[in-house]
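Asks: Sharing a model prediction with you, sequence too.
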Amino acid sequence: MKILGGGSLQLLFALLILLHIQTSIGFNSTTRDDEIRCKESERKALLAFKQGLVDEYGKLSSWGSEEEKKECCKWEGVQCSNTTGHIIVLYLTKVREDDGFYLKLRGNLSPSLFELQHLTYLGLAGNDFNFSRVPKSISSLNKIQKLDLRACNLSGSLPSQLLNLTSLQYLDLGYNNFNSVKNLEWLSSLSSLKHIDLGGNELGKVNNWPQVINKLPHLTYLSLSECNLRDAIPQSIPMINTSTFLTKLDLSSNNLTASTFHWLFKISKNLVYLNLCNNQFQGLIPENLGHMTYLEELDLRDNQFEGGIPKSFGNMCKLRYLYLYFNYLDGMLPELIGNLFGCLQLSLEELILDKNKITGPLPDMIKNFSSLRWLSLSNNQLSGIVSKSIGLLSNLEHIDISSNSLNGTISESHFSTLSKLRSLILSSNPLTIKLTDDWIPPFQLDHIQLRSCNLGPKFPSWLKSQRNFSYLDISGSEISDSIPEWFWNLSSRAFHVNLSSNHLYGVLPNLSTTKFANSFGLGIDLSKNKLEGLLPVFPSNVTSINLSENRFFGSISSLCSVTGGKLEFLDVSHNELFGKLPDCMMRWTSLVILNLADNHFFGKIPSSIGSLYRLESLGLQNNNFSGGIPWSLGNCSDLQFLGLNYNSFSGKIPTWIGERLSSLIFLLLRSNNFSGDIPLKLCWLTNIMLLDLSNNNLSGNIPWCIQNLTTLAEQEISAHDHDFIASRTGAYSGYGGSYADKAFVMWKGMERDYENGNLKTLKIIDLSSNKLTGKIPVQISILLELVQLNLSRNQLTGWIPPNIGQMRKLESLDLSWNQLSGQLPWSMSQLYFLSTLNLSYNNFSGRIPSGPQLQTFDASSFVGNPALCGLPLTPTCPEDEKSESKPKNRDMDEFWKSFKPGGHLLSQLGNLTSLQLVDLRHNYFDSIKNLEWLSHLSSLKYLDMSTIDLSKVNNWQQAVKKPPHLTNLQQDLCNLLDVVPQSFARVKSFTSPAVLDLSSNNLTAFPFQWLFNFNFSHSLV
């Protein structure tokens, strides 16, 4: 007989152990296949559970009441004990398919499920239970050892009945919607727990979580990430029964601060994994973290740590992953790297220090970290040359030193032993990459990012060896060459190819026959070059095409070959393209961005544009399109940017724009042939920031409902860049990016090109150069966030709205070449940001309001108004010699002599009894509680307290009635409150106001009882 060797004995022993385990949990291979073990009560419980679910993908197709499905132990996700026949495992977690979609169940979490009282494992993670609450009957699962309800869309509070599950060892309730949790005391009853994950739930009201955790003696894994935890950790916490087995701790994405470390250092003896990222930690990184010698992974990213890295970290002999990015670490990089010297330099595999404030060069000593696979130092303040010793890190797979100020030349020596390198990211450094034409790199790269490095002037020939890349960005790299033919057949994995902002020239080949055509979804950016010729044929599954700012000509009909339904981005603007648009847009149903601006297209917009249901930005400006705006465009309900300016469109502006395109933020119809009235339903565009209807043939009135353009009245800016990415819901993310709308905008009288996100900073209405009539609606002054208003070159009549002064953010106002009349509102002097003003060629009369603003403009801003006077037109007005001049404050010199900073300024004004004018606007007086001093100013005619906080003044109405000759009262933006007694309406003083401004306060109907008692002997403004 052959004697078993040592290895065979070990194998035999393992098999015996496995057999024992199977028998102990009830599996028996001798059970007959035709024997039905399923318990009828448990089968009914499962069917009742299924009844409340929506099974879109047939995951539970094996479940049923039919005779052939009677054996529930053979149902999908069900395991029974061969000894007892009871269901002991129910495992129905979501399943990820090859295409990246998750198959999940939807519906309610039925209490019938918890009739399966012999369950030892219940796994339902990733299904959607529609905000169901966990039934209290869960307490009946007293044999359960593993409970996994992660990301099940459950809600309410954690049921206290969980404390009855005394056999529980594994509990995962993470990423649900539990938001009524006030304590976790029930956890301390589950003394067998080894694994707890409550991450992603609201635990902000739980103050005793550290004390509860300390009562779990067998705990090995704890995750409380994204729980809104706050510091509730006393200096001394009883450590009785505290687990000595805890190896993994995740407290990331909370609101924890330094006091957490007092508790952490007491329970950290055996920690292997520690995640404290995205909290509120500040100051220096604690030295004691370096005493956690069992740690293999330490994540401190996204906090507010300052200073350097503690020297104690060098003694962490098992540490493999160190993440410190998104902090405020500073100091020289050589010093920080030096503090890691010790046994750590042999174990460290990943060092990530991105987005700090680290300075200095990449030091030669980095070569001592022989295990380093991942080195990332981007977005710091590094400078100097890159040491060639980086080429000695033979295990390096990823290096990212982008967005610094490193300089010098990168040569073959920097890559001498980097055969494992997969990601090379040097972008946004003034580096020169000088490699010989015959050099063959030792690596095959997946990610190549060399944006804004100097690779030119020749196209880099070393790329010829890189046949597996998926991401290539060599934009802005000073290449002045044609694209070699071999480039298009390098990689069938490419999904992001960016060669933009170079000096590339030549004609593109048929890209549908190259290796790039085999990519799952190619995104290509060749913009801002000198490429020419006809547009090439692209692969059918392309996701993004940017050929803008080149010299392409001819039709775009070749783009109709893009039929894969993945195209999300198409920009061929600023070329020499011409012809009618092909009616094939129904093939581009995923399109988010379409920019055809600045070409020579003509004809009507094809109706198939209505197939672009996901379209957010449409740029057709500066072509020669004609006809009307197609009704089908209304199907693009997500549209935010519509640029049709500088074309030959005609007809009326469709009313459905306001009805069906309610997401619009930018509407540019400038310089077309639109006619008719401005539709009232344009007022439904509550998100609009830029409305340009100028230089058309529009007539009628400016809609009174203009006040409904609420984004122009509120501070919140709703505009944002457009995100586009291929296969958003699939496993493959594809080429993606962010696109900022761009357009030519008439700004302060000059046309400017706004791009790179600057457009979304503007809030403009431009209705100039039309045939609009009627008055300027007073409601326009409600648009407090407007920065430019241009109504020039129309036929408008009437006055300027008197409250225009409350539009404080106006920088440009043009009302020229109309038939406006009357006096200029005094409130215009409060437009302090106004830098461009044109009121010329109207019929304005009277004095130009004095103040610090209007007199700064040139006289040309007011010419063509013969009856207008005052600076800057004329030094004086005719009435200055016939009537009383402006009230003079003869006592003011004495007042300022006696005034002491910090004194009671307003009460001292009461001593100047001959005052006729008091202007206190735009000052910052603290704690004004009364205006009694006004009762002493019997000669006062003019009082302006605009923008001064009078919210604590309860007698403002009584006070302003005291000066009997007061005719001009300005108290706008004073935070006034309703405190008008009815009896006050009968007071006879201050009965003849000419100007009364109480706008932008907190008043309701009460002031009318006071207002209607006035004797309006003058015209009240």
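Replies: Right, received. Where do you want to start?

Asks: any idea of the pLDDT on the closest residue to residue 624 other than its chain neighbours?
Replies: The spatial neighbour of residue 624 that comes closest, neighbours along the chain excluded (C-beta to C-beta, 6 or more residues apart in numbering), is residue 602 at 4.3 Å. All C-beta spots, glycine's among them, are computed from the backbone N, C-alpha and C. pLDDT for residue 602: 97.

Asks: Return the alpha-carbon coordinates of whatever helix or strand residue 602 lives in using PDB.
Replies: Assigned by DSSP states H and E, residue 602 belongs to strand 600-603. Provided in PDB are the C-alpha atoms of strand 600-603 (Å, rounded to 0.1, in the frame of the first residue of the first chain):
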ATOM      1  CA  HIS A 600     -22.000  78.600 -44.600                       C
ATOM      2  CA  PHE A 601     -25.000  76.400 -44.100                       C
ATOM      3  CA  PHE A 602     -28.300  77.500 -45.700                       C
ATOM      4  CA  GLY A 603     -31.900  76.300 -46.100                       C
END
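
Asks: Check which helices and strands that strand sits against.
Replies: strand 576-579, strand 624-627 (3 or more C-beta pairs under 8 Å, 6 or more residues apart in numbering; DSSP states H and E).

Asks: so which of these comes closest to residue 461?
Replies: Proximity to residue 461, assessed across the helices and strands packed on strand 600-603 by C-beta to C-beta, is greatest for strand 576-579 (31.3 Å).

Asks: Quick check: next helix or strand after that closest one?
Replies: Strand 576-579 is succeeded, C-terminally, by strand 593-595 (DSSP H and E).

Asks: May I see the buried residues of that following strand?
Replies: 593-595 (16 or more other C-beta atoms under 10 Å).

Asks: How about the contacts made by residue 319?
Replies: Residue 319 makes contacts with 295-298, 313, 344, 347-348, as judged by C-beta atoms under 8 Å, 6 or more residues apart in numbering.

Asks: From those residues, pick the one nearest residue 76.
Replies: Looking across the contacts of residue 319 and measuring by C-beta to C-beta, the closest to residue 76 is residue 297, at 36.3 Å.

Asks: The closest one - nearest residue in space that isn't next to it in sequence?
Replies: residue 321 (4.1 Å).

Asks: Kindly report the same for residue 139.
Replies: Residue 139's closest residue in space is residue 161 (C-beta to C-beta, 6+ apart), at 3.6 Å.

Asks: So that neighbour belongs to a strand, correct?
Replies: No. Counting by DSSP: H, G, I helix; E, B strand; the rest coil, residue 161 is not found in a strand; it is helix.

Asks: residues near residue 68, how many?
Replies: 6 (other C-beta atoms under 10 Å).

Asks: so how far is residue 47 from it?
Replies: Counting by C-beta to C-beta, to the nearest Å, the separation of residue 68 from residue 47 is 15 Å.

Asks: Ok, residue 184 next?
Replies: 35 Å.

Asks: Next: residue 608.
Replies: 49 Å.

Asks: now swap in residue 875 and tell me
Replies: From residue 875 to residue 47 the distance is 96 Å (C-beta to C-beta).

Asks: do the same with residue 692
Replies: As judged by C-beta to C-beta, residue 692 and residue 47 stand 63 Å apart.

Asks: Which residue of the two possesses the greater neighbour count?
Replies: Legend: neighbour count by other C-beta under 10 Å for residue 692 and residue 47, higher for residue 692 (23 against 17).

Asks: is it true that the more buried one touches residue 672?
Replies: No. Using C-beta atoms under 8 Å as the test, residue 692 is too far from residue 672 to be in contact (10.7 Å).

Asks: so what sits against both of the two?
Replies: Counting by C-beta under 8 Å, 6+ apart, the residues touching both residue 692 and residue 672 are residue 645.

Asks: give the contact list for residue 434.
Replies: 409-411 are the contacts of residue 434 under C-beta under 8 Å, 6+ apart.

Asks: What is the nearest of these to residue 308?
Replies: Of those, the one sitting nearest to residue 308 (C-beta to C-beta) turns out to be residue 410, at 27.5 Å.

Asks: which residue sits closest to the closest one, ignoring its sequence neighbours?
Replies: residue 433 (4.7 Å).

Asks: Give me the below-cutoff pLDDT ranges for the stretch 1-150 of the chain.
Replies: 1-34, 96-102 (pLDDT under 70).

Asks: Show me where it has its strands.
Replies: Assigned by DSSP state E, counting those that start in this stretch, the strands in the stretch 1-150 of the chain fall at 53-54, 78-80, 87-91, 95-96, 102-103, 106-107, 121-123, 132-133, 146-148.

Asks: Residue 705: neighbouring residues, count only.
Replies: 14.

Asks: Could you look up the SS state of it?
Replies: Under three-state DSSP, residue 705 comes out as helix.

Asks: quick one: contacts for it?
Replies: So residue 705 contacts 680, 683, 779 (C-beta under 8 Å, 6+ apart).

Asks: Now for the first one, how many residues are close by?
Replies: Residue neighbour count, defined by other C-beta under 10 Å, stands at 15 for residue 680.

Asks: residue contacts, the closest residue to it other than its chain neighbours?
Replies: Of all residues beyond its chain neighbours, the one nearest residue 680 is residue 703 (5.2 Å), with distances taken as C-beta to C-beta, 6+ apart. Residues near residue 703 by C-beta under 8 Å, 6+ apart: 678-680, 682-683, 777.

Asks: Share the number of residues neighbouring the residue nearest to residue 46 when sequence neighbours are not counted, please.
Replies: Of all residues not flanking residue 46 in the chain, residue 72 sits nearest, at 5.9 Å (C-beta to C-beta, 6+ apart). By other C-beta under 10 Å, 24 other residues sit near residue 72.

Asks: I figured residue 72 was touching residue 85, is that so?
Replies: No. Residue 72 lies out of contact with residue 85 (C-beta under 8 Å); the separation is 9.9 Å.

Asks: who touches both of those two?
Replies: residue 38.

Asks: which one of the helices and strands packed on strand 600-603 lies closest to residue 335?
Replies: strand 576-579 (56.2 Å).

Asks: Excluding chain neighbours, give the residue nearest to residue 664 in space.
Replies: Closest to residue 664 by C-beta to C-beta, 6+ apart is residue 685, at 5.2 Å.

Asks: Restricting to C-alpha, output stretch 569-589 in CSV.
Replies: Below are the C-alpha coordinates for stretch 569-589, written out as CSV (Å, rounded to 0.1, in the frame of the first residue of the first chain):
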residue,chain,number,x,y,z
PHE,A,569,-21.2,65.5,-28.8
LEU,A,570,-20.8,67.1,-32.3
ASP,A,571,-19.0,70.3,-32.9
VAL,A,572,-17.9,71.3,-36.4
SER,A,573,-18.2,75.1,-35.8
HIS,A,574,-15.8,77.7,-37.3
ASN,A,575,-15.0,75.9,-40.5
GLU,A,576,-15.9,76.5,-44.2
LEU,A,577,-18.7,73.9,-44.4
PHE,A,578,-21.7,74.6,-46.6
GLY,A,579,-25.0,73.2,-48.0
LYS,A,580,-28.3,72.2,-46.5
LEU,A,581,-28.4,70.1,-43.4
PRO,A,582,-29.1,66.4,-44.1
ASP,A,583,-32.3,65.1,-42.7
CYS,A,584,-30.6,62.2,-40.8
MET,A,585,-30.6,63.5,-37.2
MET,A,586,-32.9,60.8,-36.1
ARG,A,587,-29.7,58.6,-36.0
TRP,A,588,-28.2,60.8,-33.3
THR,A,589,-30.8,60.4,-30.6
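
Asks: which regions of the stretch 601-750 of the chain sit below the pLDDT cut-off?
Replies: In the stretch 601-750 of the chain, residues with pLDDT under 70: 716-750.

Asks: Mind jotting down where the helices sit in this structure?
Replies: Listed in chain order, the helices found in the chain under DSSP state H are 6-24, 40-51, 209-213, 260-264, 333-338, 344-347, 656-660, 892-898, 905-909, 956-960, 1007-1011.

Asks: hang on, the earlier thing: and the residue nearest to residue 46, what does it touch?
Replies: 38, 42-43, 46, 63, 78, 80, 87.

Asks: List the buried residues for the strand holding residue 602?
Replies: residue 601.
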